[in-house]
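Asks: sharing a model prediction with you, sequence too.
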Amino acid sequence: MPALDTLRARIADYPLLETAIGLILLVLAALLIDWLVRHVLLRIGHKALKTVGLDDEAEPMAPVAHRLARIAPAMVIYNGVVAIPNLAPDAATVIQNVASAFIILTVVLAVAGGLDVVNSAYSRRPESVNRPIKGYIQVVKIVLYAIAAILVIATLIERSPLLLLSGLGAMAAVLMLVFKDTILSLVASVQLTSNDMVRIGDWIEAPQMNADGDVIDIALHTVKVQNFDKTITTIPTWKLVSESYKNWRGMSESGGRRIKRSLLIDQNSVRFLTDDERQALCRFALIDDYLGEKREELEDWNGKLIEAGRDPVNTRRVTNIGTFRAYVQSYLSNHPRVHAHGMTLLVRQLDPTPEGLPLEIYCFATTTNWAEYEGIQADIFDHLIAILPEFGLRLFQQPSGLDLSGALAGRQLDQASPSSLK
């Protein structure tokens, strides 16, 4: 090929042109290798895995494989740059160093992508809710990135990585300040996981951090809480160890949600029941047994007092509020949506207040669903408020403007009546 030899001879007369052509050919060769690896070899490998039924396992690893494929053109440049004619040795060394740094960075990014795949696969397992590994994955990534940064810098400046590490000792104090939150979050993440303090899906309440909702993400530095108004509160992980908060997981796992609310009874309506009233209340099946037992108990007690010649004022009598309390206790015990066994059920009086006598209902609904719980609670108190007058009791209520207007209007009518003018 005389013509080709002549062309080579002419190009050789121009060293810079020969170098430029060599560089262009090297870049084209790297691009060709990159295309062959990513668009031919990877596709063939994917089809082969699909044939043997491993397509689902190979799909998440595709991004990692594409990153590793970038190593091939970098290797071509690293090994081919020495074959470029008339290229200065220093320039060839710089190109090789950059190619080496690129390979290191590519490998680290591929490993980080592999860790993401591991975390994604683990998050689909049932135990991931109790033991998330996202925080640990992030710690490993930070370590990998730190090692990669040292190796890349050492490769570019052609120095030993140990030399750079020895220089880091003087920067330890600075690094402690820079990575203070990371160190605190790492320790907190380990404590949260090892002590099972917070899981994804837990309902936590932390008023000092404006958080009241479900945990949707636990990472190294932050814990995300979706509040019930659909806003997102981001809490530093270490704050869940250093500050107090309420976790409602125990309530959710127990299968019951507490009802704790009081009826404020007007104390002026509390009185003894007459025999006729007591007899009329016997029509309530829920307290029929209670009234029968009370009647026998009081007849025995009062009979002994009379035999002893004591004044009748010392006799015991049934009160309307005591009978109502027994009715509420029986009503809740027989309610199908209230835990009557295995969980606390109380109907008790609290200290009298200026607003009335609190009769507290303390029990647990048979569901932890918020909407169902509120419905059960409302149904219970709807019934108790409506049945209260049957026992001769009244709820205490602050006088409203309508009450005052009615009182004033009645007074004006009394003053305007003929009898008042006499």
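Replies: The structure has been received and is ready for your questions.
Asks: and the gap between R316 and L393?
Replies: Distance, R316 to L393, using Cβ to Cβ, to the nearest Å: 20 Å. Just so you know, the C-beta spots here come from the backbone N, C-alpha and C atoms, and that holds for glycine as well.
Asks: neighbour-wise, which of those two wins?
Replies: Using other Cβ atoms under 10 Å as the criterion, R316 and L393 rank with L393 on top: 22 against 13.
Asks: show me the shaky parts of the stretch 201-350 of the chain.
Replies: Counting by pLDDT under 70, the low-confidence segments of the stretch 201-350 of the chain come to 306-314.
Asks: quick check: closest non-adjacent residue to R38.
Replies: Of all residues not flanking R38 in the chain, A69 sits nearest, at 4.7 Å (Cβ to Cβ, 6 or more residues apart in numbering).
Asks: correction: the previous question concerned S189.
Replies: S189's closest residue in space is G135 (Cβ to Cβ, 6+ apart), at 3.8 Å.
Asks: how about K294?
Replies: Nearest to K294 is V318, by Cβ to Cβ, 6+ apart, at 5.6 Å.
Asks: show me the contacts for the one you found.
Replies: Residues near V318 by Cβ atoms under 8 Å, 6 or more residues apart in numbering: F272, L273, R278, L291, K294, L298.
Asks: the fifth one belongs to a helix?
Replies: What it means is K294. Yes: assigned with DSSP: H, G, I helix; E, B strand; the rest coil, K294 falls within a helix.
Asks: can you give me the distance of it to F272?
Replies: Distance from K294 to F272, by Cβ to Cβ: 12 Å.
Asks: swap in the fourth one?
Replies: Applying Cβ to Cβ, one obtains 14 Å for the distance of L291 from F272.
Asks: show me where the chain has strands.
Replies: Using DSSP state E, the strands of the chain run over 203-206, 211-218, 222-227, 232-236, 246-247, 257-265, 346-349, 357-365.
Asks: include mean neighbour count and distance to K47 when you put the ones you listed into JSON lines, please.
Replies: As requested, the strands of the chain are exported to JSON lines (neighbours: other Cβ atoms under 10 Å; distance: least, Cβ to Cβ, whole Å):
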{"stretch": "strand 203-206", "mean neighbour count": "19", "distance to K47": "47"}
{"stretch": "strand 211-218", "mean neighbour count": "18", "distance to K47": "36"}
{"stretch": "strand 222-227", "mean neighbour count": "20", "distance to K47": "40"}
{"stretch": "strand 232-236", "mean neighbour count": "16", "distance to K47": "42"}
{"stretch": "strand 246-247", "mean neighbour count": "14", "distance to K47": "49"}
{"stretch": "strand 257-265", "mean neighbour count": "18", "distance to K47": "54"}
{"stretch": "strand 346-349", "mean neighbour count": "14", "distance to K47": "69"}
{"stretch": "strand 357-365", "mean neighbour count": "20", "distance to K47": "57"}
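Asks: for the stretch 151-300 of the chain, what spans make up the helices?
Replies: Assigned by DSSP state H, counting those that start in this stretch, the helices in the stretch 151-300 of the chain fall at 161-168, 172-178, 180-194, 239-242, 249-254, 275-281, 288-307.
Asks: to H39, which of those lies closest?
Replies: Judged by Cβ to Cβ, the one of the helices of the stretch 151-300 of the chain that comes nearest to H39 is helix 161-168, at 35.5 Å.
Asks: what is the nearest of the contacts of V318 to E243?
Replies: So of the contacts of V318, ranked by how close each gets to E243 (Cβ to Cβ), first place is K294, at 51.8 Å.
Asks: number of nearby residues for that closest one?
Replies: Neighbour tally, K294, other Cβ under 10 Å: 19.
Asks: would you quantify the distance from it to L162?
Replies: Relative to L162, and taking Cβ to Cβ, K294 is found at 90 Å.
Asks: hmm, back to that, make a markdown table from the strands of the chain and add distance to V190 to it.
Replies: Listed next are the strands of the chain as a markdown table, based on distance: least, Cβ to Cβ, whole Å:
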| stretch | distance to V190 |
| --- | --- |
| strand 203-206 | 19 |
| strand 211-218 | 12 |
| strand 222-227 | 14 |
| strand 232-236 | 15 |
| strand 246-247 | 18 |
| strand 257-265 | 32 |
| strand 346-349 | 41 |
| strand 357-365 | 35 |
